[in-house]
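In: how does the following fold in three dimensions:
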Amino acid sequence: LIVFLYRAFSCVTELIRRGVSTRAQQAFRTEPKNLTVRMGATAVLRCEVLRASGIVQWAKDGFLLGPERSLPGFPRYSMIGNPERGQYHLQIEDAQLEDDTQYECQVTSSESSSGIISRLAWLNVRSKGGNKKVVESNNNHVFFFLFFPRVTKFTTPLFFSHLFLFISCSSSVPFLLVTPHPPFLTVAPQPPVILGLERNKVKAERTLVLECVSYGGNPLATLHWTKNGEVLSMTWEEDVVAQKSSSILKLKITPADNQAELCCESSNLVSRSPLSVSRKITVLFEPAELTLSGSLTAIEGQELNLSCYTTSSNPPVDIRWWLGYKELNNTSVGDNGGMTTMSNMTHRVSREEHGLKLTCEAFNKGTHFSKTQSDELSVYYPPQKVWINAPPQDVPLRSGSTIHMVCFATGGNPKATLAWFKVRMHLTGALQQTSFDMGVARELVVVLTASDNMASYRCDATNKAKKTISAYTKLRVHFTPVSMKITAQQEVLRQGEALILECQAGSSSPMANISWILGPLRFFGGISVHSSLSLNLTSQHHNQKVICQAYSHVLAEGTNTYYKLNVLYPPEFSPDQPTEVQVLEDDMAVVPLLVSANPEEVSCIWLHRREKLVKDYRYHWLDDHSLEIRNVSRNDAGVYAVKCENDEGANEISITLDVQYTSIGRTDKEPVFVNLGETADLICVADANPIIAGMFSWKWLMGEETQEDESGLLTIYNVTRAHAGSYECLANNGIEPPASAHIRLVVQFKPELRKGPQWRKVASRGDGTSTAEIVCQAEGVPRVDFFWEKSGVLMDFENPRYEEMIVREGSFHTSTVRVVNVSAVLDYAVFSCTARNSLGEDKLDIQLISTNHPDPPSSFRQVSVGHDSVTLEWIPGFNGGLQQRFRIRYCWDQSVSFLYVDVFPPSETTFTVTGLQPVTTYNFSVNALNAIGESEYADNNAVLTITTKGHVIPPCRSSQSTVGNSNKYESRERINAAAQRTLLVDSGSEADSNVYESYAEVGTGERRQRAESEKGN
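Out: Below is the predicted model:
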């Protein structure tokens, strides 16, 4: 036994380890339940598996039946249901006592889930003689089962004639233990007894706790409870020490349990039939419901038939009524072994009883039970009075006007429902019914017509009392004739014939006057219902309407009808037919034809220059016979004749086609050459139709405003160089787009050289290694040629040290002399440049010198001034042969020294100084700097004095000024994006003063020296 327990524990541990290691994804949707069937019936134990991934099979009494659904070896057993839905129900056909045992549904483990086992389900097979279990013995061995969590059951047969141990750890194969043991001695149990039920009478809603006990027996007895033959419980406990089996039953008592029989049965393997004990219980309960049936609504004078009854009760109850004086009780047997009580009542109602409560009471004097059911009595009775609020019958009303009639009804229960009728026709267009304290009202809005004259209007008041009360009224209506009709004596109408029309008017109130209307003409026909009209027909009458009108002076309105004239006539051309059509050359011309005729089937032919036009790729006829000419040319101009005819005759008309065009012929003089100061004539010739005054205009393409001359001649007196450029001649005779031509004016003048400071000097090192470029630029027309002299001697460009390059751009001509390996001895001299053309010449002397500091700027001036800034401008001087930059110096009355601003970008000649104080006078100067040194200040050290404008400083700003009130500046402080401000203060005047610092690559010592120098000045 010790060896068995050790190896069994090891095997179970291994199986549990395998089961736990997988994810538990399989689960039971439905597990088998205990089932009791009669012998020979078919039993079905249900089993549904969610996400089945293992093998599903059933175990009977611990023995696996196999995974196949037909269950080979068990002909009465099979698995049924849809496997795709996880259904593996066990079906047992022709159930026998040998099937009476426990069953369970098992699913083996898989790679994705551990194995699962359902709860045990007992199949109880009953026969007429009770349950009988047969225990078969084979070679004196007994089967028993061991159960472990998450592991398939193990079956162990015991053989006392052998001694060996065989254990299988498979989850689907039981392990086997064989050990010697003596056979069992079986004994039947004692009859069971029921404890906890002292009396047979029990109140409803009480929970009984009963215990069934059966002593003795080997094995101990199995117990189960039944109620009226239905199984309630199949669970029990065994006490081996006390040698008893016991089963606890908790049962909540309901009225349905009245006279129920509770039974407890006990049996074991050797019992030939179950032993049982039974108790019948009587349930005391009150009626669950009290019901009042029948309609409590009736018409006055009718009888009410009502019933009041209770559900079953034990003991029964009595019933009594309250409404008037009648009372009736009747009792009869009800369900659940109890009694139901019913009472019927008949009562004739009156309107005074409306709203009273009718009460039914059920009571039991012995148990002090009382319960009531009440409802309100509703008595229907008809309305008392109905009337209509409408215009008086003797007052005439106008047809087409709107009137309001209101119907009122008082009294009645429920309130009346009002309906309007005209004669016998129900009117559904009445407004929604409204209610007030004493009754109801409903308004009818009527737009009066002739049919309303003396028509009877009725208002009916009805309710659930099924009696109708009505009110009536009539209206007097004035109206125009209800119908008009015109007839003609002939059917076909032709131009020139006479037409007679007859007009017949219908009834009216009062009688109306008849008149005729034809366009703007009116003819009076008299006071009658009949009138005639005679007309002499023309083509203008075609499609016109002849109106016959009947007018009532009383109503100031009338009724009319019309007769449409259909007059036959030959083709006629409209007065709006154009006799001339204008079209642009190359466009498509449409010559409209406004022709009318009756009948409308008209044929037309077109003639041009007496020749009939034939339809081709250029000539087309539209649906209205208009002529369409594509790609019109000036040759298509002229007179076109068109002739049209129909069944009534023919007609013709002539139309002139005017083809308009414009073009410009340019003159042979292009471009036009003129000398400076002379007169220029620009001629523009146009070929156009039409020729109109003011069609010519001139436009200077350089941006000058247009000059106009009707003659197409533009004369420019005293020509200047500014007049040179391209001119556009526009000819606009109203035909888009205007034609144009370009004429270029060339102004000839003698050369003019650029002679500013930058052009008069060229600097270069004279150490024999540098190259200098001497530039001479002239403007002149015609072509300008250059001649160079060095120290008064004509230069020889055959010398390899000298090279000339000439660039020409329009009227500008540039000659550059390149000097290679500049020598201070040989090349530091004056180079003379002469520019010459056929009109004259100009000369400039250019000095080649050594590199040096720049020359001072000139023409230093103010551009603009604000409250905190000043914009300045100057002309740069010679840069000394190196890149130069500029610096602005300024101060004011209270400044201790000058302030400097480096101009950025360095080559700019216009700069704005910012951060100034409002209404303050400043002195400004500017000079130039390069890598060698700096120049004097502009205009011979002149000072530019400027006063800034006034400005109100907001209170939130600090009163301190960076420029005027503080001498403490951090290094490289930026005032704006273009410059850096620096402050020069005598280092000896204040202890914490800062020296000058800027972006210029100038040494600190030199800047300090400049500051000291400025202070000394």
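In: low-confidence ranges in the stretch 351-500 of the chain?
Out: Along the stretch 351-500 of the chain, the model assigns pLDDT under 70 to residues 366-367.
In: helices of that one, start to end?
Out: Here the stretch 351-500 of the chain has no helices by DSSP state H, counting those that start in this stretch.
In: for the residue nearest to Asn536 when sequence neighbours are not counted, what are its contacts?
Out: Of all residues not flanking Asn536 in the chain, Ala498 sits nearest, at 5.7 Å (Cβ to Cβ, 6 or more residues apart in numbering). For every residue, glycine as well, the C-beta is placed using N, CA and C. By Cβ atoms under 8 Å, 6 or more residues apart in numbering, the residues touching Ala498 are 534-537.
In: now swap in Ser370 and tell me
Out: Residues in contact with Ser370, defined by Cβ under 8 Å, 6+ apart, are 361-364.
In: these into TSV, with extra columns for distance to Tyr619 and neighbour count?
Out: Formatted as TSV, these follow (distance: Cβ to Cβ, whole Å; neighbours: other Cβ atoms under 10 Å):
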residue	distance to Tyr619	neighbour count
Glu361	112	18
Ala362	111	26
Phe363	116	15
Asn364	118	17
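In: could you dump those to TSV with distance to Lys790?
Out: Shown next, in TSV, are the contacts of Ser370 (distance: Cβ to Cβ, whole Å):
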residue	distance to Lys790
Glu361	148
Ala362	147
Phe363	151
Asn364	152
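In: show me where the chain dips below the pLDDT cut-off.
Out: For the chain, the stretches with pLDDT under 70 are 1-24, 128-185, 324-338, 366-367, 523-528, 665-668, 701-711, 952-1017.
In: all helices for it, in order.
Out: 2-20, 757-760, 824-827, 938-941, 1004-1016 (DSSP state H).
In: in this protein, which strand is the longest?
Out: strand 649-666 (DSSP state E).
In: just to revisit the earlier point, between the contacts of Ala498, which is closest to Glu491?
Out: Ranked by distance to Glu491 (Cβ to Cβ), the contacts of Ala498 are led by Leu537 at 13.4 Å.
In: the closest one touches Gln490, doesn't it?
Out: No: with contact defined as Cβ atoms under 8 Å, Leu537 does not count as touching Gln490 (10.3 Å).
In: of the two, who's got more company?
Out: Leu537 (18 against 10; other Cβ atoms under 10 Å).
In: contacts only, for the more buried one.
Out: When contacts are counted by Cβ under 8 Å, 6+ apart, Leu537 touches 493-499, 565, 567.
In: rerun that using 6 Å as the cut-off
Out: Contact analysis of Leu537 by Cβ atoms under 6 Å, 6 or more residues apart in numbering lists 493, 495, 497, 499, 567.
In: could these go into TSV alongside neighbour count and distance to Tyr309?
Out: Below are the contacts of Leu537 laid out as TSV (neighbours: other Cβ atoms under 10 Å; distance: Cβ to Cβ, whole Å):
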residue	neighbour count	distance to Tyr309
Leu493	19	93
Gln495	19	100
Glu497	14	99
Leu499	19	94
Val567	21	94
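In: so can I have JSON lines of the residues you listed showing distance to Glu736?
Out: Shown next, in JSON lines, are those (distance: Cβ to Cβ, whole Å):
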{"residue": "Leu493", "distance to Glu736": "50"}
{"residue": "Gln495", "distance to Glu736": "46"}
{"residue": "Glu497", "distance to Glu736": "53"}
{"residue": "Leu499", "distance to Glu736": "53"}
{"residue": "Val567", "distance to Glu736": "45"}
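In: which ones among these lie within strands?
Out: Going by DSSP E, the strands hold 493, 499, 567 from those.
In: make JSON lines from those and add distance to Asp100 to it.
Out: Shown next, in JSON lines, are the ones in strands among the contacts of Leu537 (distance: Cβ to Cβ, whole Å):
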{"residue": "Leu493", "distance to Asp100": "115"}
{"residue": "Leu499", "distance to Asp100": "118"}
{"residue": "Val567", "distance to Asp100": "116"}
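In: next one: phi and psi at the residue positioned nearest the centre of the chain?
Out: Residue closest to the mean C-alpha point of the chain, counted by Cα atoms, centre = their mean, is Gln432 at 41.1 Å. Dihedral angles of Gln432 (phi, psi; degrees, to the nearest 10) stand at phi -60, psi 140.
In: mind checking how far it is from Lys464?
Out: 20 Å (Cβ to Cβ, to the nearest Å).
In: about what we covered before: show me the two of the contacts of Leu537 that sit farthest apart.
Out: Across these (Cβ to Cβ), the longest gap, 11.2 Å, separates Gln495 and Leu499.
In: off-centre distance for the longest strand of the chain?
Out: How far strand 649-666 lies from its chain's middle: 59 Å, per Cα atoms, centre = their mean, to the nearest Å.
In: can you check stretch 229-246 too?
Out: On the basis of Cα atoms, centre = their mean, stretch 229-246 sits 72 Å off its chain's mean C-alpha point.
In: what residues of it count as buried?
Out: Of the residues in stretch 229-246, 231-234, 236, 244-246 count as buried by neighbour count, 16 or more other Cβ atoms under 10 Å.
In: and if you look at stretch 651-661?
Out: Buried positions in stretch 651-661, judged by neighbour count with 16+ other Cβ under 10 Å: 651, 653, 655, 657, 659-661.
In: got the contact list for it?
Out: By Cβ under 6 Å, 6+ apart, stretch 651-661 touches 571, 573, 579-585, 591, 632, 634, 636-637, 639-641, 643-644, 689, 735.
In: picking up where we left off before, contacts only, for the residue lying closest to the residue nearest to the centre of the chain once chain neighbours are set aside.
Out: Nearest non-adjacent residue to Gln432, counting by Cβ to Cβ, 6+ apart: Arg442, 7.7 Å away. Contacts for Arg442 (Cβ under 6 Å, 6+ apart) come out as 407, 418, 430, 433.
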